[in-house]
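Peer 1: Build me a model:
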Amino acid sequence: MNYKKSQVLIIATLLIIATVIVMPAEAGIQEFLKKLTITGRATTSNVQINISLGNSVPNITYVSVIAAQDVTEEGVKPVIFYFTANDSDGYQNIDATTAKANFTYRNASTLIKRTNDTCKSLGNIDAKTLNFSCTIGLWYFDTAGVWNITAYVEDVSGAKAQNRTASFTLSPTKAFKSGPGNLTFTGVGPGTTNTTPTNNPLTINNTGNFAFGINNISVNATDLVGETDSGYALYARNFTIGITQGGSPLKECGGVNSSRLIKSGYQNITNATLPYGNLSLGGGIAQEGLYLCLTLAGSELISQAYSTTGPSGQGAWTVTTSVA
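Peer 2: Okay, the predicted model is just below:
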């Protein structure tokens, strides 16, 4: 019985010794227990958090109304309008040098674009909004109808803003010019037939954006009265005018596409038309040529100058259109 107690005591003593032996030799029990206490609870530390917000895309929030426009005859019509751009990052974030705009017209076969790539900043109107002005030129031959407006700008990061919600109407303008102002005949004598001017044709230029259709051009003629003796005249009814020339007999002298003039009355020119277009391209674009012919100089005439503007002149001839 005593033996068994001694055995138990020895085992217990060994266990305690074994436990002590695994402790760090350089630290006391108290320090070791402190370390055990520290490692047995949750630890805390400071963490730095950085969040980068993305760039805000600008918006074009307003485009001014453009009233109905007319072209400038044979010229360019400057059209000014305004738009505003807003950026939630501040107006300084808008790159004013990128502001631009265009007008476009489109139908089934045509696309016309007029642009301004350097719209001007007028400064900010609040902390987030810039105001811009744009001037775009419309040419005299630009098509009448509804034109769309596009305004565009970027921010300093290259984010793009565009507004295509606005439009305006371009009205048709009926306009033309004719020349030369004087048609000159030489070599005319009593009884002469089928004489044409040395500076044929009378050219009509469409200087607007309205297309004059077939048979809409007319001429009002007067007699050419003698400048010395007004008792003699070259009569208006002895002149023909047409849109073709040459041949034998001369086409302008009573041919298929020519018309005989009447005194102080408008005579329609057969098959004459006058579409609109860019005159500077040449080649007859937006033009019609009217070829004049004196079919007969009366045998009773005397040698003198005959004109519409002499002392007894009846007034210049008038070219007009029958379109209201």
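Peer 1: what residues are up against the nearest residue to Ala144 once chain neighbours are set aside?
Peer 2: Distance criterion C-beta to C-beta, 6 or more residues apart in numbering; nearest residue to Ala144, sequence neighbours excluded, is Pro172 at 4.0 Å. Every residue, glycine included, has its C-beta placed from N, CA and C. Counting by C-beta atoms under 8 Å, 6 or more residues apart in numbering, Pro172 touches Ala144, Gly208, Asn209, Phe210.
Peer 1: Please tell me which one of those counts the most neighbours.
Peer 2: Most neighbours among the contacts of Pro172, by other C-beta atoms under 10 Å: Asn209, with 25 neighbours.
Peer 1: My guess is Asn163 contacts Thr150. True?
Peer 2: Yes - counting by C-beta atoms under 8 Å, Asn163 touches Thr150, with 7.2 Å between them.
Peer 1: can you point me to the longest strand in the protein?
Peer 2: Taking DSSP state E as the assignment, the strand of the chain that covers the most residues is strand 94-106.
Peer 1: average pLDDT across it?
Peer 2: What strand 94-106 shows for mean pLDDT is 98.
Peer 1: cool, and stretch 174-193?
Peer 2: Rounded mean pLDDT across stretch 174-193 is 95.
Peer 1: In this protein, which residue is most central in space?
Peer 2: Central residue of the chain (C-alpha atoms, centre = their mean): Arg114, 2.1 Å from the mean position.
Peer 1: count of residues packed around the closest residue in space to that residue that isn't next to it in sequence?
Peer 2: In space, and not counting its chain neighbours, Arg114 is closest to Phe103: 4.7 Å by C-beta to C-beta, 6+ apart. Number of residues near Phe103 (other C-beta under 10 Å) recorded here: 25.
Peer 1: before we move on, what about Thr240?
Peer 2: So Thr240, with other C-beta under 10 Å, has 22 neighbours.
Peer 1: same deal with the one 10 residues further on?
Peer 2: Here the count is done by other C-beta under 10 Å, and Leu250 has 20 residues near it.
Peer 1: Can you tell me, leaving aside adjacent residues, what's nearest to it?
Peer 2: Leu250 sits nearest to Asn194 (C-beta to C-beta, 6+ apart), 5.6 Å away.
Peer 1: one step back: mind checking how far the longest strand of the chain is from the chain centre?
Peer 2: 11 Å (C-alpha atoms, centre = their mean, to the nearest Å).
Peer 1: can you check stretch 112-119 too?
Peer 2: The answer for stretch 112-119 is 6 Å, by C-alpha atoms, centre = their mean.
Peer 1: Can I get that stretch as PDB, trimmed to CA atoms?
Peer 2: Extracted in PDB, the C-alpha atoms of stretch 112-119 (Å, rounded to 0.1, in the frame of the first residue of the first chain):
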ATOM      1  CA  ILE A 112     -24.100  68.300 -95.900                       C
ATOM      2  CA  LYS A 113     -22.000  69.300 -92.900                       C
ATOM      3  CA  ARG A 114     -20.900  72.700 -91.800                       C
ATOM      4  CA  THR A 115     -18.500  72.800 -88.900                       C
ATOM      5  CA  ASN A 116     -16.600  75.000 -86.400                       C
ATOM      6  CA  ASP A 117     -13.800  73.200 -84.600                       C
ATOM      7  CA  THR A 118     -12.800  76.200 -82.400                       C
ATOM      8  CA  CYS A 119     -15.900  77.200 -80.400                       C
END
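Peer 1: can you give me the strands for the stretch 101-250 of the chain?
Peer 2: 111-116, 120-126, 129-139, 145-155, 160-170, 176-179, 193-195, 202-206, 217-220, 224-226, 233-234, 239-242 (DSSP state E, counting those that start in this stretch).
Peer 1: Among those strands, which comes closest to Leu250?
Peer 2: Closest to Leu250 of the strands of the stretch 101-250 of the chain is strand 193-195 (C-beta to C-beta; 5.6 Å).
Peer 1: mind listing what that closest one pairs with, with the direction of each?
Peer 2: Pairing partners of strand 193-195, with direction, according to DSSP bridges: strand 287-296 (antiparallel).
Peer 1: What's the first helix or strand after the partner strand?
Peer 2: strand 306-307 (DSSP states H and E).
Peer 1: And the contacts of the helix or strand following that next one?
Peer 2: Downstream of strand 306-307, the first helix or strand assigned by DSSP H and E is strand 318-321. Contact partners of strand 318-321, identified using C-beta under 8 Å, 6+ apart, comprise 174, 176, 178, 202, 204, 212, 216-220, 266, 274, 290.
Peer 1: Buried residues, strand 318-321. List them.
Peer 2: For strand 318-321, a neighbour-count test (16 or more other C-beta atoms under 10 Å) marks Val319, Thr321 as buried.
Peer 1: Alright, that wraps it up for me.
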